[in-house]
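Trainee: could you look at this predicted model? Sequence included:
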Amino acid sequence: MSYHQFPEDYISVRVRRTCDTMDGFCLLYLLLILLMRSGDVETNPGPNTAVSTVSEKEFLKLAQAISPSYYNYVGISLGIPHAQLQAILSEKLMNYTNAFLHVFMKWNVMQPPQSNKRRILADKLREIDLGGISDRLLNEPPIPDSTGRPSRLLESQTKPPSAESLTKLLSPELVERCANDFKFKYRSTLCKIRADPLNPASSVQFDDMYTNLFLLEEHGTEKRVLDYNDILDLKVNGEFPKRIMVQGEAGAGKTTFCAKIAWDWIQGMYFSDFVWVLIVPLREFKHHSIGKIAKSYLAKNNPATVSQITEYIRSNPDKVFIAFDGLDEVSGKIMETKSCESQPTDEMQLQTSQPSVTSSETGGSPSETGDIGLVDILCSDQLASCPVLVTTRPWRAVEIRSNGDLMKLYTFMHVQGFRRENLSVYIHKYFPKNDDKANQLIQFTNDNDVISENMAHFPIYVAMLCLMWKELDEQKLKEMKSLTSFSQIFKEMIAFLKEHYAQKEVKKVGSPSLIAYLKQIDELLGPIGKQALNGLLENTLVFGEDDFEICPESMDTACRAGILSQEDRITDSIDIHQRNSHVQSAVFFPHKLFQDYMAGVHLASLYELDHNEFNRLIEEAVLPRKEEFRYLLYFTVSQNQSIATHVMKSMLQGPYMNRWAPRPQEQLDFIVDVAFESQDPAVAALVKDRVSSKEIELTVDTFVTAHTVAGYAFIRPHVVELHIERDCGPIMSLDVAEIIWSMPSLKKVSLLGAFHHCFFQTLAKKGTESKVRTLKLHGVKCPTPASSRYLAEALCSFPKLTDLTLGMVLNEEFYSTFRAKASSIQVQTLKLLIDQCPTPASSHHLAEALGSMPYLTDLTLGRILNEEFYSTLKAKASSIQVCLS
């Protein structure tokens with residue numbers, strides 16, 4: 001039988017037994033060549049590393065399996081410095097699964113190429129009492145990454161052309177007509193902004209309300225500020241990236257960002273080089289095929305067909321820009337979808353509230369329909385050279401990031417809402433005819449650290465604050481300005497929403513009928529809180545109408561009040577021209593914190609209604625995942641003292657005060673945060689008593705929030721050292737000042753950063769009560785001349801202060817006051833780490849002050865002081881008994 005008579009995948013070669021002849025050697029050599037060409041033998045297969053390496057899928061599985069309480073133990077065991085661990089956790093927005101995955105991937109890169117990573121990692125996990133996970137890593141079959149599968153494009157190329165592939169191409173005139181239809185679609189729907197977040201009819205023109213968003217581009221391990229106008233100038237290896245993932249939390253402006261792209265294309269500004277821009281809101285579509293979606297945007301009389309649209313995109317990928325908005329609102333795993341087209345798993349099934357991405361729902365594979373599915377585009381199996389932008393919440397991006405091959409395809413960006421200057425622009429646009437009102441709200445957002453740090457950069461919250469500022473009377477606004485905790489602010493927001501809705505039905509303010517109606521609303525919102533809690537426990541943020549089938553009136557009331565949002569999405573057919581298409585509603589909270597608040601109210605209600613269930617949820621569900629449920633705890637303990645005391649005792653008696661933890665302050669910070677939300681002095685006393693035996697060294701850096709500092713000022717535990725290493729806003733400045741003057745245990749303080757004027761004013765007023773002995777000021781900025789005067793007065797009033805370091809720029813006001821008050825200062829050791837005084841008069845005042853300090857024995861001077869200083873100091877030499885260095 002000749003070679004050509006065998007099938008392509010089967011080759012047989014008969015070799016004659018030969019010992020010494022050259023013919024035998026040639027036949028053996030021929031056999032090897034044929035086997036290598038057939039793919040059955042590699043030329044250099046190398047060692048089998050499957051059992052010594054760990055795949056990305058396994059790293060992801062580990063990240064999901066390990067409790068957040070082990071985060072620091074795992075990271076430090078793997079050789080990651082503590083500071084980097086905290087930076088990673090902050091970057092991942094406290095999502096421990098994402099942070100664990102980042103740590104594992106970082107460790108993986110650090111290992112030598114030939115090391116047995118699986119054994120090393122298993123040993124490290126066993127060392128920190130994760131033996132069960134270690135055993136599974138060693139004993140269970142390795143899970144390979146998804147590699148080696150032929151791309152769908154190549155598969156389709158092996159089949160004969162379909163009838164659709166022979167479709168007549170779009171004419172230039174029809175291409176332009178489609179573009180005009182797309183623009184009309186965006187102009188009439190997408191490119192409108194609600195002025196009132198509670199009123200769908202309040203949409204205004206795009207330019208009337210649009211405000212630039214704060215964008216960041218990932219560059220290696222760093223993030224760089226990116227101007228929107230420079231997006232099209234992005235370059236990866238010399239060309240514009242073909243896949244861009246834009247991450248942002250709910251309400252940060254991802255959809256508005258997509259609308260801005262569409263608007264600029266309509267106006268012929270940026271993105272005008274593209275013939276078509278296709279914006280696809282994923283929550284509205286079940287059938288994710290680009291041709292069908294684009295067809296649904298066209299006018300009814302537009303003759304372009306799905307196959308023609310698809311073929312145009314396929315043939316002109318550089319002329320089309322696609323933006324998929326809301327990948328997080330699509331269920332199913334992208335890589336599993338690729339490998340499980342024919343038999344989707346339960347995990348990939350369409351959920352009632354979210355569209356699925358299974359290939360069966362894209363209308364078949366690309367080779368069967370000629371259309372192009374979402375998964376094919378995301379994975380670059382199709383339209384690899386077409387620029388595609390995808391927006392998502394951060395948790396959904398982990399699937400792309402955890403796959404090495406996919407991650408290389410993407411450039412990563414972040415949309416982070418408003419910066420301070422953008423916030424001011426938005427507020428002034430909201431109040432175009434009332435600058436005073438706008439400026440008052442801007443001042444409020446600047447002064448309230450909880451709002452400025454946690455809410456002011458989210459457009460959805462800014463819109464809510466604008467509405468409240470517009471509707472509330474002066475007394476209500478005054479009360480609102482005094483709010484300091486998350487719970488207080490959200491309680492006020494929810495109360496406003498309920499009253500705003502109720503007054504549409506009952507006009508008379510304060511009447512018995514209005515009070516009765518508000519009580520009825522509270523009763524109707526009960527089931528909403530229960531659903532909110534169930535959603536949090538199951539990581540569900542978007543619901544279907546059937547989730548509320550037993551309480552439809554509750555859902556309707558919550559939607560009308562603005563506590564829930566409801567949007568229609570097409571389910572059976574995406575073609576708007578087909579009469580048999582119908583819609584299903586997606587129901588969700590405007591922001592996750594709204595869901596946290598309603599869940600907290602319901603959880604607190606169980607304390608009386610079902611105490612056993614309350615205990616079970618706290619002990620078994622909430623506290624083991626306390627970081628994930630931080631805000632749920634905040635809103636739960638704020639309901640009443642009994643609940644706050646109960647929860648705090650559980651936290652203090654549990655494994656949350658482990659003094660052997662890598663950074664005990666983190667655990668104490670968390671407890672302090674929760675106690676602060678209770679606003680209950682008894683709870684504060686409980687925490688203070690529990691930690692009274694500890695000498696706390698409190699460091700406030702950029703990772704410690706104003707909320708935490710307020711908690712320490714509220715509780716006043718046994719802090720012996722305080723280090724401030726960040727700028728402080730007004731409320732935080734007051735809290736730091738209170739800690740300095742009111743804590744009798746506090747002995748050492750070092751300050752670095754900018755403080756509000758009220759900080760210096762408070763210290764000057766309360767300095768006589770301080771017990772601080774050592775004070776170091778490095779780079780502290782006094783915002784006004786009066787602040788400098790207050791600082792000098794404060795330093796001279798501290799009764800126990802014996803060791804002072806000044807390493808900051810000081811002005812004339814400081815030196816003149818310091819001279820006048822120096823005789824009362826208690827300082828013995830003074831380090832003046834200043835380069836120069838601003839004026840000759842300042843130098844004179846400083847020298848005079850040094851001569852007047854009665855207890856000064858040790859003086860260190862900076863390198864540059866002028867002639868005026870030294871001449872005055874010389875004249876005072878007889879009265880200065882110091883060791884000079």
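Mentor: Cool, the structure landed.

Trainee: sec struct for Ser487, please.
Mentor: Of the three states, Ser487 takes helix according to DSSP: H, G, I helix; E, B strand; the rest coil.

Trainee: quick one, helices of the stretch 101-250 of the chain?
Mentor: Applying DSSP state H, counting those that start in this stretch to the stretch 101-250 of the chain gives helices spanning 117-127, 131-139, 152-157, 172-185, 206-209.

Trainee: nearest to His723, of those helices?
Mentor: helix 117-127 (31.5 Å; Cβ to Cβ). All C-beta spots, glycine's among them, are computed from the backbone N, C-alpha and C.

Trainee: what helices or strands is the closest one leaning on?
Mentor: The contact analysis (3 or more Cβ pairs under 8 Å, 6 or more residues apart in numbering; DSSP states H and E) places helix 117-127 against helix 71-77, helix 131-139.

Trainee: and the ones you listed as TSV, adding distance to Tyr855, mean neighbour count and mean pLDDT?
Mentor: As requested, these are exported to TSV (distance: least, Cβ to Cβ, whole Å; neighbours: other Cβ atoms under 10 Å; pLDDT from 0 to 100):
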stretch	distance to Tyr855	mean neighbour count	mean pLDDT
helix 71-77	44	21	90
helix 131-139	60	15	85
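
Trainee: could you point out which of those helices sits nearest Ala262?
Mentor: Judging the helices and strands packed on helix 117-127 by Cβ to Cβ, what sits closest to Ala262 is helix 71-77, at 40.5 Å.

Trainee: run through who's touching the closest one.
Mentor: Helix 71-77 has contacts (Cβ atoms under 8 Å, 6 or more residues apart in numbering) with 66, 82, 84-85, 88-89, 96, 99-100, 103, 124-125, 127-128, 130, 661-663, 666.

Trainee: now the residues you listed: which count as buried?
Mentor: Buried residues within the contacts of helix 71-77, counting neighbours by 16 or more other Cβ atoms under 10 Å: 66, 85, 88-89, 96, 99-100, 103, 124-125, 128, 130, 661, 666.

Trainee: could those residues be laid out in a markdown table, adding pLDDT and distance to Ile825?
Mentor: Below are the buried ones among the contacts of helix 71-77 laid out as a markdown table (pLDDT from 0 to 100; distance: Cβ to Cβ, whole Å):
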| residue | pLDDT | distance to Ile825 |
| --- | --- | --- |
| Ile66 | 89 | 54 |
| Leu85 | 90 | 42 |
| Ile88 | 88 | 45 |
| Leu89 | 85 | 43 |
| Tyr96 | 83 | 49 |
| Ala99 | 88 | 48 |
| Phe100 | 91 | 52 |
| Val103 | 92 | 49 |
| Lys124 | 90 | 54 |
| Leu125 | 90 | 56 |
| Ile128 | 88 | 51 |
| Leu130 | 86 | 55 |
| Ala661 | 50 | 41 |
| Glu666 | 83 | 37 |
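
Trainee: nearest to Val719, of the residues you listed?
Mentor: Comparing the buried ones among the contacts of helix 71-77 against Val719 with Cβ to Cβ picks out Glu666 as the nearest, at 15.5 Å.

Trainee: nearest residue to that closest one in space, please, no chain neighbours.
Mentor: Asn72 (7.6 Å; Cβ to Cβ, 6 or more residues apart in numbering).

Trainee: closest to Ala502 out of the buried ones among the contacts of helix 71-77?
Mentor: Once Cβ to Cβ is applied, the member of those that ends up nearest Ala502 is Tyr96, at 40.3 Å.

Trainee: list the contacts for that closest one?
Mentor: With Cβ under 8 Å, 6+ apart, Tyr96 has these contacts: Pro68, Tyr71, Leu89, Glu627, Glu628.

Trainee: which stretches of the stretch 701-850 of the chain form helices?
Mentor: Along the stretch 701-850 of the chain, the segments classed as helices by DSSP H, counting those that start in this stretch run 706-715, 730-742, 757-766, 785-797, 812-821, 840-852.

Trainee: can you check the stretch 351-500 of the chain too?
Mentor: Counting by DSSP H, counting those that start in this stretch, the helices of the stretch 351-500 of the chain are 366-369, 374-378, 394-401, 404-409, 420-430, 435-447, 449-454, 459-471, 474-481, 486-505.

Trainee: pull out the CA atoms of the second one and give them to me as CSV.
Mentor: Provided in CSV are the C-alpha atoms of helix 374-378 (Å, rounded to 0.1, in the frame of the first residue of the first chain):
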residue,chain,number,x,y,z
LEU,A,374,-19.9,39.1,21.4
VAL,A,375,-17.5,36.4,22.7
ASP,A,376,-15.7,36.2,19.3
ILE,A,377,-15.2,40.0,19.5
LEU,A,378,-14.1,40.1,23.1
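
Trainee: which strands and helices sit next to it?
Mentor: strand 320-325, helix 334-339, strand 388-392.

Trainee: worst mean pLDDT among these?
Mentor: Ranked by mean pLDDT, the helices and strands packed on helix 374-378 end with helix 334-339 at the bottom, a mean of 52.

Trainee: mean pLDDT lowest for which of the helices of the stretch 701-850 of the chain?
Mentor: Across these, helix 840-852 has the smallest mean pLDDT, namely a mean of 88.

Trainee: go through that one and flag the buried ones.
Mentor: Ser842, Ser843, His844, His845, Leu846, Ala847, Glu848, Ala849, Leu850, Gly851, Ser852.

Trainee: same check on stretch 695-710?
Mentor: By 16+ other Cβ under 10 Å, the buried positions in stretch 695-710 come out as Ile696, Leu698, Val700, Phe703, Val704, Thr705, Ala706, His707, Thr708, Val709, Ala710.

Trainee: and the fourth one, how close does it get to Ile76?
Mentor: Yep, that's Phe703 we're talking about. 17 Å (Cβ to Cβ, to the nearest Å).

Trainee: what do you get for the last one?
Mentor: Shown here: Ala710 relative to Ile76, a distance of 29 Å by Cβ to Cβ.

Trainee: one step back: just name the most buried of the helices of the stretch 101-250 of the chain.
Mentor: Burial of the helices of the stretch 101-250 of the chain is given as mean neighbour count (mean count of other Cβ atoms under 10 Å); helix 117-127 ranks first at a mean of 18.

Trainee: dump that one to PDB, restricted to CA.
Mentor: Only the C-alpha atoms of helix 117-127 are listed here, as PDB (Å, rounded to 0.1, in the frame of the first residue of the first chain):
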ATOM      1  CA  LYS A 117       6.000  26.400  41.700                       C
ATOM      2  CA  ARG A 118       3.100  24.000  42.600                       C
ATOM      3  CA  ARG A 119       5.100  22.400  45.400                       C
ATOM      4  CA  ILE A 120       6.500  25.800  46.600                       C
ATOM      5  CA  LEU A 121       3.100  27.400  46.700                       C
ATOM      6  CA  ALA A 122       1.600  24.400  48.500                       C
ATOM      7  CA  ASP A 123       4.300  24.500  51.200                       C
ATOM      8  CA  LYS A 124       3.700  28.200  51.700                       C
ATOM      9  CA  LEU A 125       0.000  27.700  52.100                       C
ATOM     10  CA  ARG A 126       0.500  24.900  54.600                       C
ATOM     11  CA  GLU A 127       2.800  27.100  56.700                       C
END
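
Trainee: reformat the buried ones among the contacts of helix 71-77 as JSON lines; add distance to Cys728.
Mentor: Formatted as JSON lines, the buried ones among the contacts of helix 71-77 follow (distance: Cβ to Cβ, whole Å):
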{"residue": "Ile66", "distance to Cys728": "35"}
{"residue": "Leu85", "distance to Cys728": "25"}
{"residue": "Ile88", "distance to Cys728": "25"}
{"residue": "Leu89", "distance to Cys728": "22"}
{"residue": "Tyr96", "distance to Cys728": "28"}
{"residue": "Ala99", "distance to Cys728": "27"}
{"residue": "Phe100", "distance to Cys728": "32"}
{"residue": "Val103", "distance to Cys728": "31"}
{"residue": "Lys124", "distance to Cys728": "39"}
{"residue": "Leu125", "distance to Cys728": "40"}
{"residue": "Ile128", "distance to Cys728": "36"}
{"residue": "Leu130", "distance to Cys728": "39"}
{"residue": "Ala661", "distance to Cys728": "27"}
{"residue": "Glu666", "distance to Cys728": "20"}
